[in-house]
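In: the following block contains a protein sequence and its predicted model.
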Amino acid sequence: MELMRTKLMAACAVLAISTTAAAAGTTVKIGSTNAYSGPASAYGQIGQTSAACFNWANDNKILGEDTIEFIPLDDGYSPPKTVEQTRKLVERDEVVLTFQQLGTPTNSAIHKYMNAKKVPHLFLATGASKWGDPENFPWTMGWQPPYPTEGEIYGKYLIANKPDAKVAILYQNDDYGKDYLNGFKKGLGDKADEMIVAETPYEVADPTVDSAIISFKSSGADTFFNIATPKFAAQAIRKADEIGWKPLHFLNSVSNSVGAVLKPAGLEASQDIISSGYLMDPTDPEWQDHPEFKDWLAFMDKYYPDGDKTSSFTVLGWASCQTMLDVLKRAEGDYSRDNIMEKAASIHELRVPLLLPGILIDTSPTDYYPIEAEQLMRFTGEGWERFGDIISAESE
Amino acid sequence: MELFLQQVVSGISTGAIYACMALAVVMIYQAIHHLNFAQGEMAMFSTYIAWQLMAWGLPWGLALPLAVILSFFGGFAIERIVFKPIQNAPVLSHIVIFIALFSIFNSLAGFIWDFTIKSVASPFGEGPFMGSTLLGKHQAGMIAVTLVMLAMLWAFFQFTRVGLAMRAAAANPESARLVGIRVETMTALGWGMASAIGAVAGILIAPVVFLEPNMMLSILLYGFAGAVLGGLTNPLGAVVGGFLVGIIENLAGTYLGDVGAELKLSIALALIIVVLVMKPEGLFGRKIVQRV
């Protein structure tokens, strides 16, 4: 008992010291939710990288005397839990903004709430198109290239390189799948109806997508757009190989992880698949001497040594945190919600570390999609090889 | 025509998945007269055990029987530890525990082996079966194993004393006890066997759908549909039912256009309802007459 009291007092003392230390400048409270437990917990690394990044920013006085207090909470990728945690952040912790909340269904659950409360809901870790709707939801902004943009890029590539393609499309029957599908059709333009010979939805509850792949082969399609989450994407890749169907295969970036999708599906079966990216791949030897990459490695070693240095999640966490820091820097001490939102919606040609060279971030009061360019890549041997120029689908 | 044939064959090979699972469902139904909602998750867990044994370097021939035996004792133990104390409790208590087991196995597997998909090598090898493009070696093997399991089960119930005792214990526990059958042991044995069959099913299914904690979720549902369609009291019926569900699902998905593809799962559920309303004993089941 006595020991406990002493400990408690010591803890209070430490707390008191840290508050006085922070009192020199303003403290910016930033909230976030991520899946730190449950089925999607691999994504938790994104949030952990950001937490480490804000510590780095405080130590390096990126905001001068002002400090950032980052409050990450776990929602286990469950929308009701996201609502609960977000309300806690907004109403009890009184955060100025929330940053990089993970997931489409989870963010959908708080979309209206954040806008009704007028709390900046920034740089979400999801690619759904609905985060770029400033007219109806002026407080919500995504970050990564939206799914339709990626779909559009594949469509444009086909028109330019294989205009007589016969395309079969497998898509998940929800917002995410339809986002990709619509973007792809937009990229094909007037020729969409003529070029698409089969489009089949699947449900997440389906055991396999084998039946769809068999139908695709007999439909005579020579091009395949695989809009599926990792398990189904891998099934489709393997089934196509098994039945000897060898189309020009586009794989959505949601499932282009080598370790989680292509290896289980079989590297042999995955050769020549085309996908796209916008971040530097940490396993690509080309970047090992790049100054931004070296900075990131040094940061990881010091602030997040347990983090996976081969994963795109830690790269994404760092790049999106840097975007946030830029917005806060430009707020120049005025951390009101209005000012932060205004600064977030006026990013002009910002270069953020670890984006592929040539990709810049641009936003405006009518353009809530920060990143809208990607580069195509082809799976060769055991890794992705980028080819062609950066393709932009920047909205006007 | 080629498309039709391919879809039927592919339906049969998916149907084999459901048939395996339906067998485990029938097994447990024979033993306890309930459907075990955790059956799929138990099978998934057994599959992880097999995968882990192989990851440790054991060959197929050793890992598979070992996993099946472990699952048998696991199922036996679950009955002893969890269900024996509540054997006289109302059905609802049993259902609550089924659901609890479901959730425990699911999270436990995710916690131990994480949620990313793992590929499981097929014991029958890769590639097409006898040069046909319709059927893979694994699919052919799976169908064969399902049929062998079916024959073994049938023989077990038909010709062995234990099988007969188990049937008696399930059909009429009181009378069975009076003629000297140890009803509780029989129930536990039923659990062990169902769990072992589930393990075989899981290990056969994993190479097709990839191993992950949620892999059995919808498969169990289709398995139920197969078992109900064929008759919950008849292993042969369950297997035929499983194959039928696979074929119906594929054909509906292919020929009913968008509607079919979007409603594949609903088709399985609709089947359950139609059969239960029109012919509750299933296509091959026997009518259960209760003497009062």
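Out: Cool, got the structure.

In: can you tell me the helix or strand for residue 224?
Out: Chain wasn't specified; assuming chain A. Secondary structure assignment for residue A:224, by DSSP states H and E: strand A:223-227.

In: you looked at the wrong chain, it should be chain B
Out: helix B:217-230.

In: and if you look at residue A:341?
Out: Going by DSSP H and E, residue A:341 is in helix A:337-344.

In: and the contacts of that helix?
Out: A:96-97, A:118-120, A:122-123, A:138-139, A:141, A:327-328, A:330-331, A:363 (Cβ atoms under 8 Å, 6 or more residues apart in numbering or on different chains). Glycine gets a C-beta too; all of them are placed from N, C-alpha and C.

In: immediately after the lowest-mean-pLDDT helix or strand in chain A, which helix or strand?
Out: When the helices and strands of chain A are scored by mean pLDDT, DSSP states H and E, helix A:2-22 comes last with a mean of 47. As assigned by DSSP H and E, the chain's next helix or strand after helix A:2-22 is strand A:27-34.

In: and that next one with helix A:337-344, angle?
Out: Angle, strand A:27-34 to helix A:337-344, by axes from the mean of the first three to the mean of the last three Cα atoms, to 10 degrees: 70 degrees.

In: how many neighbours does the residue lying closest to residue A:35 once chain neighbours are set aside have?
Out: Closest residue in space to residue A:35, ignoring its immediate chain neighbours: residue A:77 at 4.0 Å, by Cβ to Cβ, 6 or more residues apart in numbering or on different chains. Residues lying near residue A:77 (other Cβ atoms under 10 Å in any protein chain shown) number 22.

In: the stretch 51-200 of chain A: strands as residue ranges?
Out: Under the criterion DSSP state E, counting those that start in this stretch, strands of the stretch 51-200 of chain A are mapped to A:67-74, A:97-99, A:121-124, A:140-142, A:167-172, A:196-202.

In: out of those, which comes closest to chain B?
Out: Each of the strands of the stretch 51-200 of chain A was scored for nearness to chain B using Cβ to the nearest Cβ, and the closest is strand A:196-202 (5.2 Å).

In: can you confirm whether that closest one lies near chain B?
Out: Yes: for strand A:196-202 and chain B, the contact criterion (Cβ under 8 Å from any Cβ of the partner chain) is met by A:200-202.

In: after the helix holding residue A:341, which helix or strand is next?
Out: Moving toward the C-terminus from helix A:337-344, the next helix or strand (DSSP H and E) is strand A:373-380.

In: for that next one, buried residues please.
Out: The neighbour-count check on strand A:373-380 (16 or more other Cβ atoms under 10 Å in any protein chain shown) flags A:373-377, A:379 as buried.

In: now do the contacts for residue A:26.
Out: By Cβ under 8 Å, 6+ apart, the contact list for residue A:26 reads A:65-67, A:333, A:335.

In: if we only consider those, which is nearest to residue A:261?
Out: residue A:67 (39.9 Å; Cβ to Cβ).

In: separation between the closest residue in space to that closest one that isn't next to it in sequence and residue A:323?
Out: Once flanking residues are discounted, residue A:67 sits nearest to residue A:58: 4.9 Å by Cβ to Cβ, 6+ apart. With distances taken as Cβ to Cβ, to the nearest Å, residue A:58 is found 17 Å from residue A:323.
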